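Asker: Predicted model, plus sequence, below.
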Amino acid sequence: MPSSKSLFLLVVLLLVLLPSPAQAFGAGNIASISKVEGHNWRHGDIEDMLKTVACLRGHKWTSMMIKRVYFGNWLRDYSQAVDVGTLKGVQADSIRILVWILAFMSFGYATGEFEVTSERLGVYRPEEHIDNPKDYADNVDARKFDPRLRGPVSPEELAIDPNTGMKNYIANEYGGWATSSGYIKFSFARSIHYGRMYTHGPSGSRGREEDLCEALRCLGQGLHCLEDFGAHTNYTELALIELGFTNVFPHTGSSTQINLRGKHVFPLVTGTFGGVDFLHSVLGEATDHFTQSEVDEMNIALGDAASTNQKSASSGVSGFTDLLSKVPGTGGLCQEAFALQAASDAQAASNSRGVDDDPYSSSRASNYQQPQSFDAPPGSVGGPPGPGIPGMNPNLDPATVVAKIYPILAFRDKVVRSISAIVSKIPGLEKLIETITERVTLFVLSLLAPFIQPIINAASTQLKLGSSAVVESSGKHQYEPWTDPYCTDPTHSLLSKDHFSNLLNEPAGQVATAILQYVAPRVVYAWDHPDVPVDQVLDDVVRVFHHPALRDQRCEVH
């Protein structure tokens, strides 16, 4: 067994190497010991506020329940990786695999309710983030790359709704286009359905953990969109203007004020999300991160884990199984660890030869079943990812890779879930369990490296080839609200308050927290009370979307 000093170093190594997701308040959370906690906000910090609201009858918010909610929230950030810019050079399932490993590194689990399936990940849809769809995909029909992407944008979507003072694509559901309010209703209706299946389902199926997990995930994805209301719109700026502050720029042109029920106000708008914005938000934030993008960090973590596994006997499969064998009833897991190591070694050897001769993982993956599909929200189209790229190296075929890595991820989850169950029965094993959990994560990363690193290398090459052209073509639109007096289409990069460097990150985070504390109890209450009409809950929830000039003093979220 390694010394306490080496264990400490291992923990530090893992903490350093685990990625810090970026996007929409940055898709992570801030360590509780950080000086900026409570002053700067990420989605994970906002989700932590669930502890302050009511839960299901007979339940309290546990860290695992909050993690399941946040998984749904987190997935909406990373769905943005599946878009035209990436799909031109990388298969959708290759992107999904990378996001899947990022999820494993962020949540500690990768199967069951934490599996990143094509359906759960989805694709980039502007309405899920209240993004302005103007000039989406350079006005090319993006559905030729993936049928789940949105089609061309109509001018009516971008107009200001005279009744609400907001862009039509936010909450005007009378035009037949996709709206953020429609997506929220879809998400929370689905959450309520599965929540009620858990609490009041038919005899024999009531209380199924799978239903609760799905209810929590859908709660998280709906909250993601609502939490973005303060950060992705000019709501915060307009609220400051309503409060009497001057010299507040509304992120629209100087001549864009409208008559809104007798008030002369600037419209409520959100930012367009073009190529520059994707690079700014997903591929790295210079002021929030100290190193490369998350994919680069993942590549380093995989490489370091593989190197450590090869160099140190105590870190290799023998050292890991010696430690694992100290826990009763893990003999079968130890045997599986040796088999997985052999499969990983075979893949590494085939990578060096440029062939694929590993039958083990494919046969092991016979237990893997793709979860069922579900209907998509209004204005969008469900369905599988688009076709693969002709001439793709068979070693990089996503379907083949999924079949090979699934047994590794399933093994890790089995180990952690098994020993977690044991520790609850045998006092005094907490430290051993913590040690094994750390070691199994490092061991699994080393097993994954030969399968994942070739995909990272191929994907990174394709993405970097197009990045300079994207920046050049999109950068000229960034400052139009300053140069065009009639502009109501600012860019996401300059409007959003996602990142710590923005002075309005804190008030936008406080707005998001207030929204969560208003919405989550209503949805969860509906799980427990089937007599409450779903539409009543949904209509109550979408009242979050409002212009500050039209706030209703009788509504607690206004």
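Answerer: That came through, no problem.
Asker: gap between the residue nearest to residue 142 when sequence neighbours are not counted and residue 124?
Answerer: With sequence-adjacent residues excluded and distances taken as C-beta to C-beta, 6 or more residues apart in numbering, residue 142 is closest to residue 149, at 3.8 Å. Every residue, glycine included, has its C-beta placed from N, CA and C. To residue 124, residue 149 is 7 Å away according to C-beta to C-beta, to the nearest Å.
Asker: what's the answer for residue 487, then?
Answerer: For residue 487 relative to residue 124 (C-beta to C-beta), the value is 23 Å.
Asker: Neighbour count: those two, which is higher?
Answerer: residue 124 (27 against 19; other C-beta atoms under 10 Å).
Asker: How about that one: what's its closest non-neighbour residue?
Answerer: Leaving aside its sequence neighbours, residue 124 sits nearest to residue 83 (C-beta to C-beta, 6+ apart; 3.9 Å).
Asker: Tally up the residues packed near residue 156, please.
Answerer: With other C-beta under 10 Å as criterion, residue 156 counts 12.
Asker: same thing with residue 261?
Answerer: Residues near residue 261, counting by other C-beta under 10 Å: 12.
Asker: any idea of the pLDDT on it?
Answerer: Predicted confidence (pLDDT) for residue 261: 95.
Asker: May I have the residues that are in contact with it?
Answerer: 549-550 (C-beta atoms under 8 Å, 6 or more residues apart in numbering).
Asker: where's it relative to residue 503, distance?
Answerer: Separation of residue 261 from residue 503 (C-beta to C-beta): 30 Å.
Asker: now residue 240
Answerer: Where residue 503 is concerned, residue 240 sits at a distance of 11 Å (C-beta to C-beta).
Asker: Between those two, point out the one with more neighbours.
Answerer: Neighbours per residue, other C-beta under 10 Å: of residue 240 and residue 503, the larger number sits with residue 240, 18 against 7.
Asker: list the contacts for that one?
Answerer: residue 248.
Asker: What helix or strand is it located in?
Answerer: In this assignment (DSSP states H and E), residue 240 forms part of helix 235-242.
Asker: Could you give me the buried positions within that helix?
Answerer: Residues of helix 235-242 classed as buried: 235-241 (neighbour count, 16 or more other C-beta atoms under 10 Å).
Asker: Would you format these as CSV with distance to residue 322 and pLDDT included?
Answerer: Shown next, in CSV, are those (distance: C-beta to C-beta, whole Å; pLDDT from 0 to 100):
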residue, distance to residue 322, pLDDT
235, 57, 97
236, 55, 96
237, 59, 97
238, 62, 98
239, 60, 96
240, 61, 96
241, 65, 97
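Asker: rewinding a little: which neighbours do residue 149 and residue 124 share?
Answerer: Residues within reach of residue 149 and of residue 124 at once, by C-beta under 8 Å, 6+ apart, are residue 83.
Asker: Three-state assignment for residue 407, please.
Answerer: Following DSSP: H, G, I helix; E, B strand; the rest coil, the label given to residue 407 is helix.
Asker: gap between it and residue 444?
Answerer: Distance from residue 407 to residue 444, by C-beta to C-beta: 11 Å.
Asker: Give me the more crowded residue out of these two.
Answerer: Comparing residue 407 with residue 444 by other C-beta under 10 Å, the one with more neighbours is residue 444, at 27 against 24.
Asker: quick one: pLDDT of the closest residue to the more buried one other than its chain neighbours?
Answerer: Spatial nearest neighbour of residue 444, chain neighbours left out: residue 412 (4.4 Å); criterion: C-beta to C-beta, 6+ apart. As predicted, residue 412 sits at a pLDDT of 90.
Asker: buried residues in the helix or strand harbouring residue 412?
Answerer: Assigned by DSSP H and E, residue 412 falls within helix 398-423. Buried residues in helix 398-423, counted by 16+ other C-beta under 10 Å: 398, 400-416, 418-419, 422-423.
Asker: try stretch 525-545
Answerer: 525-528, 534, 537-538, 540-545.
Asker: Sitting in strands, which of these do you find?
Answerer: With DSSP state E as the criterion, strands contain none of those.
Asker: ok, which pair from these is furthest apart?
Answerer: 528 and 545 (25.8 Å; C-beta to C-beta).
Asker: Now name the helix or strand holding residue 259.
Answerer: Here residue 259 is assigned to strand 258-260, by DSSP H and E.
Asker: Check what contacts the helix or strand just after that strand and list those residues.
Answerer: Remark: after strand 258-260, the chain's next helix or strand is strand 263-265, criterion DSSP H and E. Contact with strand 263-265 is made by 165, 238, 241, 257-258, 547, 549, as judged by C-beta under 8 Å, 6+ apart.
Asker: now do the same end-to-end measure for stretch 225-245.
Answerer: 27 Å (C-alpha to C-alpha, to the nearest Å).
Asker: Return the distance of that stretch from the chain's centre.
Answerer: Between the centre of stretch 225-245 and the centre of its host chain there is 23 Å, according to C-alpha atoms, centre = their mean, to the nearest Å.
Asker: Quick check: most distant residue from the centroid of this structure.
Answerer: Computed with C-alpha atoms, centre = their mean, the residue of the chain farthest from its C-alpha average is residue 262, at 40.6 Å.
Asker: and stretch 161-173, which residues are buried?
Answerer: Neighbour-count burial for stretch 161-173 [16+ other C-beta under 10 Å]: 161, 164-172.
Asker: what distance separates it from the centre of its chain?
Answerer: Distance, centroid of stretch 161-173 to centroid of chain: 27 Å (C-alpha atoms, centre = their mean).
Asker: How about stretch 481-489?
Answerer: A distance of 31 Å separates the centroid of the chain from that of stretch 481-489, by C-alpha atoms, centre = their mean.
Asker: Output that stretch as PDB, nothing but the C-alphas.
Answerer: Extracted in PDB, the C-alpha atoms of stretch 481-489 (Å, rounded to 0.1, in the frame of the first residue of the first chain):
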ATOM      1  CA  PRO A 481     -24.500  47.200 -30.800                       C
ATOM      2  CA  TRP A 482     -22.000  50.100 -30.500                       C
ATOM      3  CA  THR A 483     -21.700  50.900 -34.200                       C
ATOM      4  CA  ASP A 484     -25.300  50.200 -35.400                       C
ATOM      5  CA  PRO A 485     -27.900  52.300 -33.600                       C
ATOM      6  CA  TYR A 486     -30.700  49.800 -34.600                       C
ATOM      7  CA  CYS A 487     -28.900  46.600 -33.600                       C
ATOM      8  CA  THR A 488     -30.900  44.300 -31.300                       C
ATOM      9  CA  ASP A 489     -28.600  41.300 -31.900                       C
END
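Asker: same question for stretch 65-76, mean pLDDT?
Answerer: Here the average pLDDT along stretch 65-76 is 94.
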